[in-house]
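Chemist: Let's see this in three dimensions:
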Amino acid sequence: MPKPKIIIAKLGLDGHDRGGAKVIARALAEAGFEVVYTGIRQTPSQVVETAIQEDAKLIGISILSGSHMELVGELMRIMRERGGLNIPVLVGGIIPPEDRDALLKMGVAGVYGPGTPLKEIIEIVKKLVGVA
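Modeler: Take a look at the predicted model:
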């Protein structure tokens with residue numbers, strides 16, 4: 001049985017990837033997922049295209065730049081246009097509490113900040129992709 005494929009991406013001009021994104025990608029790979037890390041400075045359309053081409057089961061977005069509402073909103077709009085809303089999207093990074101509900105209303109499956117235990121993230125991903 002193939003490993004569920006997870007896309008991890010950094011949207012926009014956020015050039016910081018040594019922390020969250022790479023740590024999450026490694027933890028998910030060690031937990032048995034196939035992880036495609038797209039790198040920094042990705043556009044929403046690039047991430048959606050990668051997810052569709054790779055037949056991803058989940059997209060994880062790491063964003064620290066403060067442009068999460070615009071960029072994740074665009075990502076979700078493109079996903080609706082491309083029929084990709086069956087792919088859950090998780091957002092992590094520096095997200096003000098007042099923006100969490102708005103991101104969830106956009107269709108994001110979860111929003112997680114610094115300090116979220118890796119074990120918790122792995123369990124959430126397993127649940128969302130249907131892995132016991």
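Chemist: what sits up against the longest helix seen in the chain?
Modeler: In the chain, taking DSSP state H as the definition, the longest helix is helix 68-82. Helix 68-82 is contacted from outside by 11-12, 44-45, 47-48, 52, 59, 61, 63, 84-85, 87, 89, 91, 93, 95, 99, 102-103, 106-108, using CB atoms under 8 Å, 6 or more residues apart in numbering. C-beta here means a position set from N, CA and C on the backbone, and glycine is covered the same way.
Chemist: Repeat the analysis, applying 6 Å as the threshold.
Modeler: 11-12, 44-45, 48, 85, 91, 95, 99, 103, 106-107 (CB atoms under 6 Å, 6 or more residues apart in numbering).
Chemist: from those, which ones fall inside helices?
Modeler: Mapping the contacts of helix 68-82 onto helices (DSSP H) picks out 44-45, 48, 99, 103, 106.
Chemist: ok, so of those residues, who is nearest residue 35?
Modeler: Minimum distance to residue 35 across the ones in helices among the contacts of helix 68-82 is 17.3 Å, recorded for residue 48 (CB to CB).
Chemist: And that closest one, how far from residue 86?
Modeler: 12 Å (CB to CB, to the nearest Å).
Chemist: These two: which is more packed in?
Modeler: residue 48 (27 against 7; other CB atoms under 10 Å).
Chemist: Report the separation between that one and residue 38.
Modeler: Taking CB to CB, one finds residue 48 at 11 Å from residue 38.
Chemist: cool, and residue 4?
Modeler: 17 Å.
Chemist: What about residue 98, how many residues nearby?
Modeler: Residues near residue 98, counting by other CB under 10 Å: 7.
Chemist: residue contacts, it?
Modeler: Neighbours of residue 98 in contact, by CB under 6 Å, 6+ apart: none.
Chemist: Can you tell me the element residue 60 falls in?
Modeler: Per DSSP states H and E: residue 60 is located in strand 58-63.
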